[in-house]
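Novice: All I have is the shape, not the residue letters:
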Ligand code: NAD
């Protein structure tokens, strides 16, 4: 039994809050069901925490910060070493829950956990990551050095689509740097996140260092405006991310906001045909298109236009089913609302004149008739003014545009306001070099469909997909979660020479 759930078999489990090391049953009157998107079975109920509960979580973080900030770096690091071992040990168990609440396949759920685990592994290198710099003799007998000090209570707000990876982008790096943390998981699928939080407590994270509150706008706004929160990491939609960035920024906080996307894959006719088509289909329809780095636009250049029938055939062969069923390629969308939105956008594509090559609207999955399924959907003849191009669909819908040259493709991608990820498929090194140089998108894949960097680098989405300078994980997040203090020092011997009063700004 999960410590974060109420162990009462007679009613649906209630997700707990974590405040000051205690699993707390919320006193709120506002609850939301956590629903299996393939079956509509209610898995648990999640509270929308009260203002007092949010305050209590932040106060616990503030108290714990006093001692945690000075806890030796080796002690913090060893907790991360333990946490990575525990995540590895429990990954299969967590993947089953993650698949049930989110809908993705078990293999993809394991991938979600693994990509987060890699960040925890990287957190184990904090000894060298958090080192300062030192310059000797910046003036006579004067040295200057920098300290990277933690900043206080930080908060993280996470989306539904990666309930393991994205919380693990945030709290391990924040706390290993010496901060304390308040996590606000997605209210749509908080169960696997809570299992990871439990493991963190088991690994030895002290009371108050990691706290969890659940909820929606009210809780998020409370975190963004509370005086004692120093930094906010947000991942989610552009609309909410912009709101969070502005609100938290107005209240003097550091903010990093990773938001929506429209990721283009540019295909040159010299690319390896089989590998490219496999990549487009996997990245377009995997996780039912609910990845911020999903390929949502294919740009076929020149003769690569002729690959469309093959693309359609491969997509049509994908198996739509519950994520828990073996052999599933495409699981359900997270909610009925998400499904309605995707169906509405498909409708708009037809109305605006795109050609519906493959229609996933009427898919029926035996045994899961109530599931929020949409099958792989492919549009050709798409133009840049259509809603299916201008909006993030966040479903298994791939839109195909055609251009004559690589230059045109680059200009097309650069005109799109989003900048999360893009890919080029080619066998030409010169074309790849030109693309990586001229493309204005933060994460570029060369024959790689989902170029999410490993954690020794940072997640570097750009332009409309990101607000704030520093991205999640890697070296950038160490900068985000610490402040630099510069110390300039001189030490005198008892018999040092008296060099008089210096009334200038110069050091000598
Ligand atoms: P969302 O914006 O609806 O929710 C994200 C978080 O914000 C949740 O915790 C939610 O409770 C909270 N929230 C929702 N409405 C709010 C409001 N009005 N005010 C304050 N907080 C609110 O996003 P989602 O649907 O959970 O996730 C999908 C989105 O996340 C997609 O747009 C996807 O591209 C994006 N995403 C981006 C990245 C990235 O790194 N750029 C990664 C994953 C997901």
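Specialist: Great, that's in hand. Note that the structure is predicted; figures quoted are calculated from it, not measured.

Novice: Number of residues surrounding the closest residue to residue 462 other than its chain neighbours?
Specialist: Using Cβ to Cβ, 6 or more residues apart in numbering and skipping the chain neighbours, the partner closest in space to residue 462 is residue 442 (3.2 Å). Any C-beta I mention is one placed from the backbone N, CA and C, and that applies to glycine too. With neighbours defined by other Cβ atoms under 10 Å, the count for residue 442 comes to 21.

Novice: can you check residue 278 too?
Specialist: 13.

Novice: what do you get for residue 362?
Specialist: Residue 362: 8 neighbours (other Cβ under 10 Å).

Novice: Tell me if stretch 464-471 is near the ligand.
Specialist: Yes - legend: contact between stretch 464-471 and the ligand by Cβ under 6 Å from any ligand atom is shown at residue 465.

Novice: next one: stretch 413-429
Specialist: Yes - with Cβ under 6 Å from any ligand atom as the measure, stretch 413-429 is seen reaching the ligand through residue 420.

Novice: Make 13 the starting number, not 1.
Specialist: With 13 as the first residue, the last one maps to stretch 425-441.

Novice: Endpoints of that stretch, how far apart?
Specialist: One end of stretch 425-441 sits 20 Å from the other (Cα to Cα, to the nearest Å).

Novice: and if you look at stretch 33-45?
Specialist: Per Cα to Cα, stretch 33-45 runs 25 Å from first to last residue.

Novice: ok, back up a step: SS state for the residue nearest to residue 474?
Specialist: coil (DSSP: H, G, I helix; E, B strand; the rest coil).

Novice: Poorly predicted segments of this protein, please.
Specialist: Scanning the chain with the threshold set as pLDDT under 70 gives 13-22.

Novice: how about the residues of it near the ligand?
Specialist: Near the ligand, when you scan the chain using Cβ under 6 Å from any ligand atom, you find 169-174, 196, 198-199, 228-229, 232, 247-249, 252, 255, 270-273, 304, 404, 406, 432, 471, 473, 477.

Novice: Setting the sequence-adjacent residues aside, check what's closest to residue 53.
Specialist: In space, residue 53 is closest to residue 47, 7.0 Å off (Cβ to Cβ, 6+ apart).

Novice: what's the one you found in contact with, if anything?
Specialist: 53-55, 113, 347 (Cβ atoms under 8 Å, 6 or more residues apart in numbering).

Novice: quick one: which of the residues you listed is nearest the ligand?
Specialist: When the contacts of residue 47 are ranked by distance to the ligand (Cβ to the nearest ligand atom), residue 347 comes first, at 9.1 Å.

Novice: how close does the closest one sit to residue 25?
Specialist: 19 Å (Cβ to Cβ, to the nearest Å).

Novice: Those two: which is more packed in?
Specialist: For residue 347 versus residue 25, the count of surrounding residues by other Cβ under 10 Å is larger for residue 25: 20 against 16.

Novice: Looking at the residues of the chain next to the ligand, which are in strands?
Specialist: Among the residues of the chain next to the ligand, the members falling in strands (DSSP state E) are 169, 196, 247, 270.

Novice: Of those residues, which pair is most distant in space?
Specialist: With Cβ to Cβ as the measure, no two of those lie farther apart than 196 and 270, at 14.9 Å.
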